[in-house]
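Engineer: Next input, structure requested:
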Amino acid sequence: MLYSDHHGWLKGWLHRRLGNSDHAADLAHDTFIRLLSSERTPTVIDEPRAFLTTVAQNLVSNHWRRQKLERAYLEALAQAPEPVASSPEARAILLETLFELDRLLDDLPPLARRAFLMSQLDGQTHAQVADALGISIATVKRHIVRALQRCCFADLAFTG
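Structural biologist: The predicted structure is shown next:
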């Protein structure tokens with residue numbers, strides 16, 4: 001009943017935000033899949049459109065973040081020398097890996113995420129990160145360990 005009563009409305013709502021009917025259809029579908037697969041979905045929803053909007057907005061945010069990450073990757077790839085260029089399959093695997101890392105790091109506190117990225121992507125030393133963020137080297141190390149644990153042990157957390 002929720003689907004049949006509100007799918008068309010949700011798809012239109014998403015289309016207005018995204019400007020693309022295919023993306024709107026995909027995210028409307030994903031919204032209902034998320035509801036069906038969640039153990040926390042209430043059995044009775046007093047305000048179904050407000051509820052659907054909240055779930056869909058989270059998916060829209062993820063969609064925009066994925067597009068931004070993909071654009072950054074493609075820009076970096078375009079600047080790489082020709083021998084570094086890879087096959088479409090390898091690029092797709094790398095993009096999915098980047099999306100997953102972004103999702104894992106998004107759950108970290110902002111300072112921990114920033115310390116990790118400065119260390120791993122910018123190649124800064126722990127002392128440089130500590131100085132830039134105004135924290136101790138020991139705190140930088142704790143942040144980096146926390147981020148590495150999140151990334152390295154993510155499969156264990158999800159498979160239980």
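
Engineer: from here on, contacts and neighbour counts on C-alpha atoms
Structural biologist: Noted.

Engineer: ok, then the element right after the lengthiest helix in the chain?
Structural biologist: The longest helix of the chain (DSSP state H) is helix 48-79. Per DSSP states H and E, helix 48-79 leads on to helix 88-106 as the next helix or strand towards the C-terminus.

Engineer: Need the contact partners of that following helix.
Structural biologist: R66, L69, E70, Y73, R113, A147, R150, C151, A154 (CA atoms under 8 Å, 6 or more residues apart in numbering).

Engineer: how about that helix: buried residues?
Structural biologist: Buried positions in helix 88-106, judged by neighbour count with 16 or more other CA atoms under 10 Å: L95, L98, F99, L101, D102, L105.

Engineer: helix or strand right after that helix?
Structural biologist: helix 110-120.

Engineer: so that next one versus helix 88-106, what angle?
Structural biologist: 140 degrees (axes from the mean of the first three to the mean of the last three CA atoms, to 10 degrees).

Engineer: how close does the residue nearest the centre of the chain sit to R150?
Structural biologist: The centroid of the chain falls nearest to R103 when counting by CA atoms, centre = their mean (3.7 Å). Counting by CA to CA, to the nearest Å, the separation of R103 from R150 is 10 Å.

Engineer: do the same with A78
Structural biologist: For A78 relative to R150 (CA to CA), the value is 30 Å.

Engineer: Same question for A132.
Structural biologist: For A132, the distance to R150 - CA to CA - is 23 Å.

Engineer: Just want to know which of the two has more residues nearby.
Structural biologist: Between A132 and R150, counting by other CA atoms under 10 Å, R150 is the more crowded of the two (18 against 12).

Engineer: tell me the contacts of that one?
Structural biologist: R150 neighbours (CA under 8 Å, 6+ apart): L104, L105.

Engineer: Reduced to three states, what does it come out as?
Structural biologist: helix (DSSP: H, G, I helix; E, B strand; the rest coil).

Engineer: Just the local confidence number for the residue nearest to S119 when sequence neighbours are not counted, please.
Structural biologist: In space, and not counting its chain neighbours, S119 is closest to T125: 6.2 Å by CA to CA, 6 or more residues apart in numbering. T125 carries a pLDDT value of 94.

Engineer: Would you agree T125 is in contact with A115?
Structural biologist: No. With contact defined as CA atoms under 8 Å, T125 does not count as touching A115 (10.1 Å).

Engineer: These two: which has the busier surroundings?
Structural biologist: A115 (26 against 14).

Engineer: quick one: V60 from L35, how far?
Structural biologist: V60 is 15 Å from L35, by CA to CA.
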